[in-house]
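Peer 1: Got a sequence here, can you model it:
(one chain, ligands or ions: 1)
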Amino acid sequence: MTALASAAFAFSANAQNHELTVDMKKNGAPIQETMYGLFIEDINYAADGGLYAELVKNRSFDFPYAFTGWKFAGNVEVRHDGPFDRNPNYVRLSSSGHGHKWTALANEGFFGIGVEKDKEYRFTFYARVPEGYKDARIRMELAIPVTNREGQDFLAHEMTVSGNEWKQYEVVVKSPLTEPKSELRIFLLGNNPVDLEHISLFPVDTWKGRKGGLRKDLMEALADMKPGCFRFPGGCIVEGTDLDTRYNWKNTLGPVENRPLNENRWHYTFRYRFFPDYFQTYGLGFYEYFLLSEEIGAEPLPVVNVGLSCQYQNYDEHAHVAVDNLDEYIQDALDLIEFANGDTATEYGKIRAQMGHPEPFNMKFLGIGNEQWGPEYVVRLEKFVERLRKEHPEIAIIGSSGPNSEGRDFDYLWPEMKRINVDLVDEHFYRPEKWFLSQGNRYDNYDRKGPKVFAGEYACHGADGRKWNHFNASLLEAAFMTNLERNADVVHMATYAPLFAHVDGWQWRPDLIWYDNLRSVRSCSYYVQQMYAHNTGTHVLKATENGIPLAGNEGQDGLFASAVWDANKKEVIIKVINVSDQSQEVKFVFTGLKKNQKYQLVDITTYHSDDLYADNTLDNPTAIVPQVKVAENAMLDVANVPAKTFAMYRFKVEGRK
Ligand code: AHR
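Peer 2: Presented below is the predicted three-dimensional model:
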């Protein structure tokens, strides 16, 4: 019997009548606006090759192998004294001296270069002609490398480069066809040589139409979530395999041309998913992360390195920053606050203004360290907390409870986090179905006086240990989330992880949103997150059966439930998840309503798939989406919750605050 089948069997009792009493007498704890958020890390080609809409890989020739992503013919030389000191490489294209031997470059993009019919693309590059020459000619092409067409190129534009000084050149071209895997080619025309640097191709139609901006469909998926917070930039990449390769936010400031390249640890972490051409250009850097947080209405939640390189990969104390040597790292955190919130007269506030955002970003939260553990973490975190409390008491500090949802590190770290008095503790759980089914009461008994919880990375990794997105995993996530909601006094934020994955370049799954070069699809887990994020409510309502919550316990027939009050819309929202394979009748009883407080059903949303292993796909992106049914009978008392279904009931209550 499969794990999935046994889980289903456990809840296959005959349909029972259940009664959920929602106490309307008074509101419970307020629910934080940050509650359901998003978390991004550049894993699975999430930033480069994903959200960052650049279509050229290794645009500056600064990858360790200068021609990664490029092929060339004829006379092409890499030179190292270019106009951008932190990305010094560029190429010189010279004539081969033979009229029939082309000098040319071709870039493969990220799993090809995707273009769409009638859409515009902005091709830019820096160029000059070497001393002794006045000008040179080049021809850019978009071509299909493998095709039955007579000519491989389907778009071409010729340009003249003039003068011995570096200048940026730009042309906007329109694609005559749709091709997900084209390549960019640059031919030298004539006999004069040319120097080329930072060769870039972006869709014109980016998020908010920004030049060099973000992929529109992916940003729309983020905005459509209406997330409460946005955690960035990771994840393990915060730590680095060694300290030199940690995510250094300061390297992501200023013009993109001069943001130095960093390796991406996900290119080599998994031998079975090996992507040696995966690097971080930082084109999507901290400024862009703050800006996009603002634009999607989410609280920005950056994470900085605590002076530890990845502890999975480094057992030796010398791989980390000595405890007495943390000043630079602590200063990075202080400077980050200045960058986000400081006056434009301050060093980093001024940089923010120069980048286009004189107003502060109003950052309120800061994560110190990612998945750290042991006394080596605690001793370093304390140093950060000491300085931050003194200089920025207004910033809420987030510590870590390690990589696991329970066990030795977790049990050691939680009391330490309380002692250090961080504001929130970041918990991570990538766990199988069994775990999600068993955690319906997880936060019920958490200490109400200690730090709050940030469930910073989680996802149900199920389907018999084969980890991929499927409906049942999302259903169990929904069930588990009733527990987050019910305990909103202690759980202040939760972010599913990872966020993005390119179908041709993933290292880790499941993920929230998948895409290829032209299309994207929101997974079943996405829709579960969205149902919660769009129906967060403002206050918890006590919802119980026989005095205890429905949390998938014995005798509860696989039912999980929570209820919230939305003071703005004057609505009660009840979420019921039935993980059993029988439909269940649940009678709603509203107690404590005053005489003048009348309720009526507004609508019922159900989320269900007959095939528990199915998910939305690029070819059928809306195969499994929530179905909203406007109420026919305004007085629904007994809900029939279908098997394997996430159901949500919204009632309007007049005359209640
Ligand atoms: O989300 C993928 C990885 O999982 C993150 O980088 C890390 O924090 C966790 O181990």
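Peer 1: from here on, contacts and neighbour counts on C-alpha atoms
Peer 2: OK.
Peer 1: Report the distance from stretch 327-341 to the chain centre.
Peer 2: 23 Å (C-alpha atoms, centre = their mean, to the nearest Å).
Peer 1: buried residues in it?
Peer 2: Tyr329, Ile330, Asp332, Ala333, Leu334, Asp335, Leu336, Ile337, Glu338, Phe339, Ala340, Asn341 (16 or more other C-alpha atoms under 10 Å).
Peer 1: neighbours around Leu354, how many?
Peer 2: Careful, residue 354 is Gln; it's not Leu. Residues lying near Gln354 (other C-alpha atoms under 10 Å) number 12.
Peer 1: returning to that earlier point: and which of the buried residues of stretch 327-341 is nearest to Ser162?
Peer 2: Phe339 (38.8 Å; C-alpha to C-alpha).
Peer 1: Which positions in stretch 649-657 come out as buried?
Peer 2: For stretch 649-657, by 16+ other C-alpha under 10 Å, it's Tyr649, Arg650, Phe651, Lys652, Val653, Arg656.
Peer 1: Got the confidence number for whichever residue of the stretch 151-300 of the chain sits closest to the ligand?
Peer 2: Nearest to the ligand in the stretch 151-300 of the chain, going by C-alpha to the nearest ligand atom, is Gly235, at a distance of 3.3 Å. On pLDDT, Gly235 comes in at 96.
Peer 1: Just list the residues touching it, thanks.
Peer 2: Residues in contact with Gly235 (C-alpha atoms under 8 Å, 6 or more residues apart in numbering) are Glu41, Asn370, Glu371.
Peer 1: out of those residues, which touch the ligand?
Peer 2: Glu371 (C-alpha under 6 Å from any ligand atom).
Peer 1: So which of the contacts of Gly235 wins on neighbours?
Peer 2: Asn370 (28 neighbours).
Peer 1: can you give me phi and psi for the residue lying closest to that residue once chain neighbours are set aside?
Peer 2: Using C-alpha to C-alpha, 6 or more residues apart in numbering and skipping the chain neighbours, the partner closest in space to Asn370 is Gly235 (6.0 Å). Backbone torsions for Gly235, taken as degrees, to the nearest 10, come to phi 80, psi 170.
Peer 1: which stretches of this structure form helices?
Peer 2: 3-10, 216-225, 286-295, 327-341, 347-354, 374-391, 408-420, 433-438, 471-486, 524-534 (DSSP state H).
Peer 1: By mean pLDDT, show me the worst of those helices.
Peer 2: helix 3-10 (a mean of 36).
Peer 1: how about the residues of the stretch 101-250 of the chain near the ligand?
Peer 2: Gly234, Gly235, Cys236.
Peer 1: And for the chain?
Peer 2: Residues of the chain lying near the ligand (C-alpha under 6 Å from any ligand atom): Gly234, Gly235, Cys236, Glu371, Ala497, Pro498.
Peer 1: so which two of those are the farthest from each other?
Peer 2: Farthest pair in the residues of the chain next to the ligand, by C-alpha to C-alpha: Glu371 and Pro498, 14.2 Å.
Peer 1: export stretch 183-199 as PDB, just CAs?
Peer 2: Taking C-alpha atoms only, stretch 183-199 is exported to PDB below (Å, rounded to 0.1, in the frame of the first residue of the first chain):
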ATOM      1  CA  GLU A 183      19.800  31.800 -30.000                       C
ATOM      2  CA  LEU A 184      21.300  35.300 -30.300                       C
ATOM      3  CA  ARG A 185      24.000  35.700 -32.900                       C
ATOM      4  CA  ILE A 186      26.400  38.600 -33.600                       C
ATOM      5  CA  PHE A 187      28.400  38.700 -36.800                       C
ATOM      6  CA  LEU A 188      31.200  41.000 -37.500                       C
ATOM      7  CA  LEU A 189      30.700  42.600 -40.900                       C
ATOM      8  CA  GLY A 190      33.500  44.100 -42.900                       C
ATOM      9  CA  ASN A 191      37.200  44.200 -42.000                       C
ATOM     10  CA  ASN A 192      37.200  46.500 -39.000                       C
ATOM     11  CA  PRO A 193      37.500  45.100 -35.400                       C
ATOM     12  CA  VAL A 194      35.000  45.800 -32.600                       C
ATOM     13  CA  ASP A 195      35.100  45.500 -28.800                       C
ATOM     14  CA  LEU A 196      31.800  44.300 -27.200                       C
ATOM     15  CA  GLU A 197      30.800  44.100 -23.600                       C
ATOM     16  CA  HIS A 198      27.600  43.500 -21.600                       C
ATOM     17  CA  ILE A 199      25.600  42.100 -24.400                       C
END
